[in-house]
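Peer 1: Okay, predicted coordinates and the sequence, questions at the end:
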Amino acid sequence: MKIADVKANAFAMPLTSPAFPRGPYRFTNREFLVITYRTDMDALRAVVPEPLEITEPLVKYEFIRMPDSTGFGDYTESGQVIPVSFQGVKGGYVHAMYLNDHPPIAGGRELWGFPKKLASPQLEVEIDTLVGTLDYGKVRIAKATMGFKHRLADQNAVLTSLAAPNFLLKIIPHVDGSPRICELVRYYTTQVTLKGAWSGPGSLELHPHALAPVAELPVLKVESALHFVADLTLDLGEVVFDYLSP
């Protein structure tokens, strides 16, 4: 293989059999359960990196069911997104993500810098309740419940939230273990078709775990519960801050 061939094909690992295809990445019937809760402000300050700014002591705990995603297949995801602002524009900082499928773990980490780890999330309807659970190994670390489709939600508000920027801390080490890439990345979701959105009563419980510390952002009060289904495209990102730049 010539040097030019390596450079032309080096978009993902392994070189001769990438774990995921080139984008764009389209998601069909992506289903969300989002519990917004109030937490401890000092705990947020300990995990949100500058130059992002915390707007208020809130966290969005998400369960996302993705039955049809380009190149990534059929999987479920769970994690925490923290409302922040960057240069006066409100968005979300993706703090933690746990999922059950290798290609989106590899693609998410390599391309954008998503903080993805392998775990076992589920999102399903149990009689009259939408239930999200997250197990890390055999240990239950998160459980959310919501009354199934109790009230129609404000679709414009949901679309506005989906149009907001999201931020990631992308870290790739050098071969000697020092950081070679350490960047704040911004990305958007586009081409959104919202197929339905509902609100209702909700609950969330988080449990301590040494390697999946979702409970370090404790639940002080559940503020809202949202359930929606959408088709969308996950766009590639852009670097907005380089931590290694002099």
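Peer 2: Received, thanks. What you are looking at is a predicted structure, and each value in this text was computed from that prediction instead of being measured.
Peer 1: Need the nearest residue in space to F241, chain neighbours excluded.
Peer 2: Excluding its sequence neighbours, the residue lying closest to F241 (Cβ to Cβ, 6 or more residues apart in numbering) is L184, at 3.8 Å. Where C-beta positions appear, they are placed from N, C-alpha and C, glycine not excepted.
Peer 1: Which secondary structure element is home to the one you found?
Peer 2: strand 179-187 (DSSP states H and E).
Peer 1: what helices or strands is that strand leaning on?
Peer 2: If contacts are counted by 3 or more Cβ pairs under 8 Å, 6 or more residues apart in numbering; DSSP states H and E, strand 179-187 sits against strand 166-173, strand 238-242.
Peer 1: quick one, helices of this structure?
Peer 2: 3-9, 41-45, 102-107, 155-163 (DSSP state H).
Peer 1: re the thing from before, so which of the helices and strands packed on strand 179-187 is the most packed in?
Peer 2: strand 166-173 (a mean of 18; mean count of other Cβ atoms under 10 Å).
Peer 1: That one pairs with which strands, parallel or anti?
Peer 2: Paired neighbours of strand 166-173 in the sheet (DSSP bridges): strand 89-99 (parallel), strand 179-187 (antiparallel).
Peer 1: Put together TSV for the helices and strands packed on strand 179-187, with distance to L123 and mean pLDDT on each row.
Peer 2: Converted to TSV, the helices and strands packed on strand 179-187 look like this (distance: least, Cβ to Cβ, whole Å; pLDDT from 0 to 100):
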stretch	distance to L123	mean pLDDT
strand 166-173	20	97
strand 238-242	30	98
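Peer 1: nearest to A96, of those?
Peer 2: strand 166-173 (11.4 Å; Cβ to Cβ).
Peer 1: about what we covered before: distance to V81 for the helices and strands packed on strand 179-187 - can I get that in CSV?
Peer 2: Below are those laid out as CSV (distance: least, Cβ to Cβ, whole Å):
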stretch, distance to V81
strand 166-173, 7
strand 238-242, 17
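Peer 1: so which of the strands paired with strand 166-173 is the most packed in?
Peer 2: strand 89-99 (a mean of 20).
Peer 1: List the contacts of T28.
Peer 2: P67, D68, S69, D231 (Cβ atoms under 8 Å, 6 or more residues apart in numbering).
Peer 1: roughly how far apart are it and P67?
Peer 2: Distance check for T28 against P67: by Cβ to Cβ, to the nearest Å, it reads 8 Å.
Peer 1: shared neighbours, the two?
Peer 2: Between them, T28 and P67 share no contacting residue, judged by Cβ under 8 Å, 6+ apart.
Peer 1: Among the helices and strands packed on strand 179-187, which comes closest to V34?
Peer 2: Checking the helices and strands packed on strand 179-187 against V34 by Cβ to Cβ gives strand 166-173 as the closest, at 13.4 Å.
Peer 1: how about that closest one as PDB, C-alpha atoms only?
Peer 2: The C-alpha coordinates for strand 166-173 follow below in PDB (Å, rounded to 0.1, in the frame of the first residue of the first chain):
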ATOM      1  CA  ASN A 166     -23.700  20.800  21.500                       C
ATOM      2  CA  PHE A 167     -20.200  20.700  22.800                       C
ATOM      3  CA  LEU A 168     -17.700  17.900  23.400                       C
ATOM      4  CA  LEU A 169     -14.200  17.600  24.900                       C
ATOM      5  CA  LYS A 170     -12.200  15.600  22.400                       C
ATOM      6  CA  ILE A 171      -9.100  14.000  23.800                       C
ATOM      7  CA  ILE A 172      -6.700  11.800  21.800                       C
ATOM      8  CA  PRO A 173      -3.300  10.900  23.500                       C
END
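Peer 1: Can you get me a residue count around L130?
Peer 2: 22 (other Cβ atoms under 10 Å).
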